[in-house]
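*Asks:* pasted the sequence and its predicted model underneath.
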Amino acid sequence: MPKLLPLLSTLLTLSFSSAGTTMSTPASSSSTNTTNFQADFRIINGVQASLSLFPFAVFIYTDLGDTGSACGGSLIAPNVVLTAAHCLYDEKNPTPASSLAVSANSLFNIQNNSNIYSVSKAIPHPSYNPETAANDIGILILSKNTNVPSSSFAKIYDLPISNSLATAAAGWGVTSNASNSTVSQVLMTVPLVISSSSNCKSLNPNYTNNDGMAVCTMNQNSQDTCYGDSGGPLVYTGVSPYPLLGVTSFGNAPTAASTPSGEKPPCAATGGFGFYTHVYYFIDWIASTASLDKSNITYSSGNSTSLIDQKKSSNTNSLNINPAIPPLFTVLPTLLAVLSLL
């Protein structure tokens, strides 16, 4: 096993890029000022993260044959990772667990991290809709426990979410809108602020409120998440350690509709918003699927006063988009064979 890790690192020392195909579709006819939604996540105008603040953050690599993709995730148990459901799909086809690898307990991405784990199960939410991004959450069960201390696992924020709640996102996505920008070598973080529901509805008529299945943040100070950060954590920064509030899902801006065909809309656009899957909304599914006790994975140990326990139907808060494929980069064909031995 130890001899395989340098080999895997060597195989992955190649050109990570954000050249993946980005897809978008018209919004519902009830939208008056938006023609499409865009799934596009990378850290823009952020700073290098501290491992002590994001010890649960993991890098998820997907082998797609001639290409691969990058996403983020969060450890909530020794071998359980939360991520976005769209990170577990190759376009509309589920990705087999054997094509996935996770690196943990490091600021570096999988190229320079020897803590690499294979995946035994990849479980997107059963009601995930790739056409609408509803229920955009998934679980990875790793083949063995990570070396991350149990005190470092993310606790799920289970209290009501108010406007202006101080939050931050983290990820290894590309760090600029330049066409040649590459996946970050180190974990980056950016401060974000929860937006008012009315502002979010102006760009997404299907959005309900921040206690629903999606949480909304507003772009400020040209700071945003974008391509490559999908699945990564949105955390509440008002306490320490940071509890996990959301999973990076997609973003939208008024200017997205005017993006030339074949080009990806820029991130951190003025008036833009980010949408994050609200993790606690799915707490029952998470606990049941991963065989975890809710009281062991929630921030307030079950003393929540949130109203979101009254779950809405899977059609509520649906998002009329086709989530983008995470950024693609060239890989060597022998990588799958290496992963099969991990």
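*Replies:* Noted; the coordinates are in hand. All values derive from a computational prediction rather than experimental measurement.
*Asks:* so which residues of the stretch 151-300 of the chain form helices?
*Replies:* 197-203, 283-290, 294-297 (DSSP state H, counting those that start in this stretch).
*Asks:* who wins for proximity to residue 89 among the ones you listed?
*Replies:* Among the helices of the stretch 151-300 of the chain, the nearest to residue 89 by Cβ to Cβ is helix 283-290 (17.2 Å). Yep, even glycine has a C-beta here, placed from its N, CA and C like the rest.
*Asks:* what packs against that closest one?
*Replies:* Helices and strands touching helix 283-290, as assessed by 3 or more Cβ pairs under 8 Å, 6 or more residues apart in numbering; DSSP states H and E, comprise strand 67-77, strand 138-142, helix 294-297.
*Asks:* tell me which of those is the most buried.
*Replies:* Greatest average neighbour count among these goes to strand 67-77 (a mean of 26), per mean count of other Cβ atoms under 10 Å.
*Asks:* so what strands line up beside it?
*Replies:* Using DSSP bridges, the strands paired with strand 67-77 are strand 57-63 (antiparallel), strand 80-83 (antiparallel), strand 328-330 (antiparallel).
*Asks:* can you redo the helices of the stretch 151-300 of the chain as TSV with mean pLDDT and distance to residue 78?
*Replies:* Below are these laid out as TSV (pLDDT from 0 to 100; distance: least, Cβ to Cβ, whole Å):
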stretch	mean pLDDT	distance to residue 78
helix 197-203	74	35
helix 283-290	98	11
helix 294-297	95	12
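*Asks:* using a markdown table, lay out these together with distance to residue 110.
*Replies:* As requested, these are exported to a markdown table (distance: least, Cβ to Cβ, whole Å):
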| stretch | distance to residue 110 |
| --- | --- |
| helix 197-203 | 33 |
| helix 283-290 | 23 |
| helix 294-297 | 25 |
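*Asks:* identify the bridge partners of the closest residue to residue 232 other than its chain neighbours.
*Replies:* Among residues not flanking residue 232 along the chain, residue 72 sits closest, at 2.8 Å (Cβ to Cβ, 6 or more residues apart in numbering). As for beta bridges, residue 72 partners with residue 59 under DSSP bridges.
*Asks:* read off the pLDDT value for residue 72.
*Replies:* You'll see residue 72 listed with a pLDDT of 94.
*Asks:* doesn't residue 57 make contact with it?
*Replies:* Yes - using Cβ atoms under 8 Å, residue 72 is in contact with residue 57, at 6.4 Å.
*Asks:* common neighbours of the two, please.
*Replies:* 170-171, 232-233 (Cβ atoms under 8 Å, 6 or more residues apart in numbering).
*Asks:* now for the residues you listed: which two are most distant?
*Replies:* Between any two of the shared contacts of residue 72 and residue 57, the greatest separation by Cβ to Cβ is 8.1 Å, found for 171 and 233.
*Asks:* quickly list what's touching both of the two.
*Replies:* 57, 72, 248.
*Asks:* just the residues you listed now: which is nearest residue 144?
*Replies:* Nearest member of the shared contacts of residue 171 and residue 233 to residue 144, counting by Cβ to Cβ, is residue 57, at 19.0 Å.
*Asks:* show me what contacts the closest one?
*Replies:* Neighbours of residue 57 in contact, by Cβ under 8 Å, 6+ apart: 49, 72-75, 170-171, 187, 232-233.
*Asks:* repeat the analysis, applying 10 Å as the threshold.
*Replies:* Residue 57 sits next to 49, 51, 72-75, 104-107, 148, 152, 154, 170-172, 187, 189, 232-233, 235 when contact means Cβ atoms under 10 Å, 6 or more residues apart in numbering.
*Asks:* and these, which are buried?
*Replies:* With burial judged by 16 or more other Cβ atoms under 10 Å, the buried subset of the contacts of residue 57 is 49, 72-75, 104-107, 148, 152, 154, 170-172, 187, 189, 232-233, 235.
*Asks:* can you lay out the helices and strands packed on helix 283-290 as CSV showing distance to residue 95?
*Replies:* Output for those, formatted as CSV (distance: least, Cβ to Cβ, whole Å):
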stretch, distance to residue 95
strand 67-77, 9
strand 138-142, 10
helix 294-297, 24
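*Asks:* who wins for proximity to residue 210 among those?
*Replies:* Judging those by Cβ to Cβ, what sits closest to residue 210 is strand 67-77, at 18.9 Å.
*Asks:* export that closest one as CSV, just CAs?
*Replies:* Coordinates of each C-alpha in strand 67-77 appear next as CSV, following Å, rounded to 0.1, in the frame of the first residue of the first chain:
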residue,chain,number,x,y,z
THR,A,67,-10.2,12.5,-18.0
GLY,A,68,-10.9,13.0,-14.4
SER,A,69,-12.8,15.4,-12.2
ALA,A,70,-12.3,17.2,-8.8
CYS,A,71,-14.8,17.9,-6.0
GLY,A,72,-14.7,18.5,-2.3
GLY,A,73,-16.3,16.9,0.6
SER,A,74,-16.5,16.8,4.4
LEU,A,75,-15.8,14.0,6.8
ILE,A,76,-18.6,13.5,9.4
ALA,A,77,-17.3,10.1,10.7
